[in-house]
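Peer 1: Below are the sequence and a predicted model; questions follow.
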Amino acid sequence: MKITVMGSGGWGTALALLLVENGHDVTLWSHNPAKARQMEETLENPMLQGVPLPKEMKFTHELDQVGECGAVLMATPSYAVRETAAKLRGKIAPGTVVISASKGIEKESSLRLSQIIEQELEGKCPVVVLSGPSHAEEVGRHIPTGVVAAADQLEHAELVQDLFMNPRFRVYTSDDRVGTEICAALKNVIALCAGCSDGMGGGDNTKALLMTRGLAEMARLGVALGGRKDTFTGLAGVGDLIVTCTSMHSRNRRFGILLGQGKPVQQALEEIGAVVEGYYAAANAKTLAEKVGVEMPITQAAYEVLYEGRDVKSVVADLMSRAKRSELEESCLLFS
């Protein structure tokens, strides 16, 4: 199949590489003409260091080829999804499957990214969400990985499953697009907090507490928005949460470590040197939680540190001093 991958970061490049290896005709699009030329000349991407790109892969900053594609993959930072999707309007053929591999929630509208794509393409293209525990660095190096393809209609998820499946990349299907996207956005916030704990010298107990209670509030919001509770105990939920909270591949965790060590927010962002999705997701998730009336204390704490200048240690003290409550509510939510 002819496929265009929109977004030449590490994740877009790793997925483009996978699709080429599966025999597809793949063009990797970059918004930066100079970067597209550089990748074409060197067959390397600095965002995916040490991974050679195949000569069969094509590179462009134009969109002339999109109308001939059977699928288009969106892998830009979350803040660029609307602008990038708008570029496709009038060029992409109606009915073309669009795969959303970005993770986040739009700040202004509180929309999920697949909703933004649908808006910009005027509902003419089915959108499938691809998500799960999948660091680009590992996918690019052929390390076994499993993800979820979620769509309102399973036939579209199954098409994406067929595009990506191979002996090192396993794809499961789901019809819970809402839950899958909420998992994808909010796990970055929890990973940021887990990193803060690491930076402060917190132990395994603290990280387990953050991850477990973080999963509970992720599920509260997801279910309130129409997602299914079982999605949060699968690859998109627990799976992605584990990998993002524990790996040094995770920019969100590394950013949190710097905050926990006492670095100012802007300095920590600059030291990471790439998009930290959890920084944006904390504000967007807080807004969304307020709109639907869902309590999210860890997300609220992250927001206060990132946007209100609160000290990390004082926020942790507040979390640990919250009123007594039962865990039964969340246990029932996740496992009943």
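Peer 2: Received it, and whenever you're ready, just let me know what you need.
Peer 1: Dead centre of this structure: give me the residue that sits there.
Peer 2: Central residue of the chain (C-alpha atoms, centre = their mean): residue 103, 2.7 Å from the mean position.
Peer 1: Which phi and psi values does residue 202 adopt?
Peer 2: The phi and psi torsions at residue 202 (degrees, to the nearest 10) take the values phi -70, psi 160.
Peer 1: Name the residues of stretch 200-220 that are buried.
Peer 2: Within stretch 200-220, the residues that count as buried by 16 or more other C-beta atoms under 10 Å are 200, 202, 206-207, 209-211, 213-220. No exception for glycine: its C-beta is placed from N, CA and C like everyone else's.
Peer 1: Which element, helix or strand, includes the residue nearest to the residue nearest to the centre of the chain when sequence neighbours are not counted?
Peer 2: Nearest residue to residue 103, sequence neighbours excluded (C-beta to C-beta, 6 or more residues apart in numbering): residue 184, at 3.9 Å. Following DSSP states H and E, one finds residue 184 within helix 177-200.
Peer 1: do residue 172 as well
Peer 2: With DSSP H and E as criterion, residue 172 is part of strand 169-174.
Peer 1: got any ranges where the stretch 151-300 of the chain has weak pLDDT?
Peer 2: With pLDDT under 70 as the threshold, the stretch 151-300 of the chain has no low-confidence stretch at all.
Peer 1: mind listing the helices for it?
Peer 2: Per DSSP state H, counting those that start in this stretch, the stretch 151-300 of the chain carries helices over the ranges 154-164, 177-200, 204-224, 240-246, 251-260, 265-272, 277-292, 297-308.
Peer 1: Tell me which of these approaches residue 320 most closely.
Peer 2: Nearest to residue 320, of all those, is helix 204-224, at 9.0 Å by C-beta to C-beta.
Peer 1: quick one: the closest one to helix 177-200, angle?
Peer 2: Computed by axes from the mean of the first three to the mean of the last three C-alpha atoms, to 10 degrees, the angle separating helix 204-224 from helix 177-200 equals 160 degrees.
Peer 1: Not counting helix 204-224 itself, show me its contacts.
Peer 2: Contact partners of helix 204-224, identified using C-beta atoms under 8 Å, 6 or more residues apart in numbering, comprise 178-179, 182-183, 186-187, 189-190, 193-194, 197-198, 229, 231-232, 237-238, 241-242, 245-246, 285, 288-289, 292-299, 330, 333-334.
Peer 1: Then stretch 133-140?
Peer 2: Outside stretch 133-140, the residues touching it (C-beta under 8 Å, 6+ apart) are 9-11, 13-15, 17-18, 47-48, 51, 145-147, 169, 235, 239-240, 242-244, 247, 249-250.
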